[in-house]
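Q: Dropping the sequence and predicted coords here.
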Amino acid sequence: MNIHPNDPCSPPRAPSRTVLTGAVLAVGALTALMLWGALPDEPWPRVVLDVVVGLVAVALSPFLWWSPRRTGPGPRDGAAALSDPVVPALVLAALAALSPAATPASTVATLEVARRRPLRVAVLVAAAGFAGHAVQALWRPTGLPLGWWLLCDAAVHAALVGWGAFAQARAQVVADLRERALRAEREQELRVREARTAERTRIAREMHDTLAHRLSLLATVAGALEFRPDSPPEEVARAAGLVREGVSAALEDLRDVVGVLRAEPDALRPPPGPADVARLVDESRLAGVEVDWELDGDLGRVPATVQAATFRAVQEGLTNARRHAPGSAVRVAVVVAPGEVRVDVSDDGPSPGHVPTLQGTGTGLVGLRERAGLLRGEVRAGPAPEGAGFRLTVSLPWDS
């Protein structure tokens, strides 16, 4: 989060040397004006006292803001904590009891304490300032009656405490808002990273499902060529063309996935639809697998997420059948009913003389269960109840 130095939400910074110099000069000018007005009417001892007190007050003024210099290693860019203004404020309150020349510096000190310290500390410092000016009024009477002077003195110090407390509260609110903005930005970045991680995980599953399907097709075709080396040249050429197309498609899928991982778009590709499910069956038939395919209902009217899950269920079922039951007939049924899509893929087990061509890792079914679980669906996979073979049943609810 880039914050301009002049932004009100920027962090507090140590006063610059120019600001401090201007503040000290302002205090000195006010002190000089008070001394100048008192010179014609005061005896010389009091004049000397006023001059000394005024010089000491001006000398103490910088300690209200300046922090001590750092002598050890570390940054020296003014980021260290500012010095505590309480001690200079108390000294200036004591000086105010001796001479009105300390009044400007003591007033500024009370305001600075109220702006930077807790309210109870500011009230104590203001009480010390009030007491100092009350003592001053007792032995150096002014033109006002003592009661009015004390009332004005109390009102001024109360206003200084209120003004400083308001400034401190406003600064705290600004700091809290800035912290909230920074925290919200960090949380947003965390959510973005989590979303990217989830997207990468989804893409990895897509890659597994897609490539597993392609490679299982190639393995089936290659196994058929190995099992029937005496096939007619036309069938050999057709099988070789199917292998070439499958390899090209697998490479294209892999290139798309790698491109997605690099570019990090929001979606891998348009979700598969009914035509893509039929294409899976056609590819398996071209690879020599006997597939009995049945679609009952309009798959195009269900949500896209359910269509994608249906596609993955059929793909996983056909892939597992080619892996573990080569030579077996596969039955695929997709029934679109009101409120539910049911996918059923079953086989009769490996045919005699055929051995499984590939060993699976089981992650396909795991990913399918997670996908169905997100849709509040159910996946059942295991031996077929009617005898040999394997059966995959997926139920996917949807709002009809």
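A: Structure received. On a predicted model such as this, the values are computed, not experimentally measured, just so you know.

Q: Name the helix or strand for Arg120, please.
A: helix 119-139 (DSSP states H and E).

Q: can you check Leu49 too?
A: Residue-wise, Leu49 maps onto helix 44-60 under DSSP H and E.

Q: Show me what that helix is packed up against.
A: helix 17-38, helix 86-96, helix 103-116 (3 or more CB pairs under 8 Å, 6 or more residues apart in numbering; DSSP states H and E). Using the backbone N, CA and C atoms, a C-beta is placed for each residue, glycine as well.

Q: Next, the angle from the helix ranked longest in the chain to helix 103-116.
A: With secondary structure taken from DSSP state H, the chain has its longest helix at helix 146-227. Between the axes of helix 146-227 and helix 103-116, defined by axes from the mean of the first three to the mean of the last three CA atoms, to 10 degrees, the angle is 30 degrees.

Q: quick revisit: so for the helix holding Leu49, what gets flagged as buried?
A: Val47, Asp50, Val51, Val53, Gly54, Val56, Ala57, Val58, Leu60 (16 or more other CB atoms under 10 Å).

Q: and which of those residues is nearest to Val108?
A: Ala57 (9.7 Å; CB to CB).

Q: from memory that closest one sits against Ala109, does it?
A: No: Ala57 lies out of contact with Ala109 (CB atoms under 8 Å); the separation is 9.2 Å.

Q: measure Ala219 to Gln315 for me?
A: From Ala219 across to Gln315, the span is 15 Å (CB to CB, to the nearest Å).

Q: and what of Arg170?
A: Going from Arg170 to Gln315 by CB to CB gives 63 Å.

Q: Then Thr220?
A: Thr220 sits 14 Å away from Gln315, taking CB to CB as the criterion.

Q: What count of nearby residues applies to Val334?
A: If you count neighbours by other CB atoms under 10 Å, Val334 ends up with 24.

Q: For it, give me the pLDDT.
A: Per-residue pLDDT puts Val334 at 93.

Q: doesn't it fall inside a strand?
A: Yes: secondary structure assignment places Val334 in a strand (DSSP: H, G, I helix; E, B strand; the rest coil).

Q: any weak-confidence spans in the stretch 201-350 of the chain?
A: Residue ranges of the stretch 201-350 of the chain with pLDDT under 70: 202-214, 223-230, 244, 248, 251-271.

Q: Tell me where it has helices.
A: 233-263, 274-286, 304-324 (DSSP state H, counting those that start in this stretch).

Q: Check whether Glu294 really touches Val334, as I assumed.
A: Yes: the criterion here is CB under 8 Å, and Glu294 meets it with Val334 at 7.2 Å.

Q: Who are the contact partners of the nearest residue to Ala126 once chain neighbours are set aside?
A: Spatially, and ignoring its direct neighbours in sequence, Ala126 is nearest to His157 (4.2 Å; CB to CB, 6 or more residues apart in numbering). For His157, the contact set (CB atoms under 8 Å, 6 or more residues apart in numbering) comprises Thr110, Ala126, Ala127, Gly129, Phe130.

Q: winner for burial among the helices of the stretch 201-350 of the chain?
A: Highest mean neighbour count of these: helix 304-324, a mean of 23 (counted as mean count of other CB atoms under 10 Å).

Q: got the angle for it vs helix 146-227?
A: 40 degrees.

Q: so helix 304-324 versus helix 274-286, what angle?
A: Counting by the same axes, to 10 degrees, helix 304-324 points 10 degrees away from the direction of helix 274-286.

Q: Which strands and helices lie in contact with helix 304-324?
A: Looks like helix 304-324 contacts helix 146-227, helix 274-286, strand 330-337, strand 340-347, helix 363-374, strand 390-397 (3+ CB pairs under 8 Å, 6+ apart).

Q: Just say which of the ones you listed is most tucked in.
A: Mean neighbours per residue, mean count of other CB under 10 Å, is largest over the helices and strands packed on helix 304-324 for strand 340-347, with a mean of 22.

Q: so it versus helix 274-286, what angle?
A: Angle, strand 340-347 to helix 274-286, by the same axes, to 10 degrees: 10 degrees.

Q: ok, strand 340-347: who's next to it in the sheet?
A: Applying DSSP bridges to the sheet, strand 340-347 is found paired with strand 330-337 (antiparallel), strand 390-397 (antiparallel).

Q: Can you read off the pLDDT for the residue nearest to Ala126?
A: For His157, the model assigns a pLDDT of 89.

Q: do you know how far it is from Thr310?
A: Distance from His157 to Thr310, by CB to CB: 79 Å.

Q: With Ala388 instead?
A: Computed as CB to CB, the Ala388 to Thr310 distance reads 26 Å.

Q: now Ala175
A: Taken as CB to CB, the span from Ala175 to Thr310 is 54 Å.

Q: Please pick the buried ones from the contacts of His157.
A: Those of the contacts of His157 that meet the buried threshold are Thr110, Ala126, Gly129, Phe130, by 16+ other CB under 10 Å.

Q: The closest residue to Pro385 other than its chain neighbours: what's it in contact with?
A: Spatial nearest neighbour of Pro385, chain neighbours left out: Arg391 (7.4 Å); criterion: CB to CB, 6+ apart. Applying CB under 8 Å, 6+ apart, one finds that Arg391 lies in contact with Asp344, Val345, Ser346, Asp347, Arg380, Ala381, Gly382, Pro383, Ala384, Pro385.
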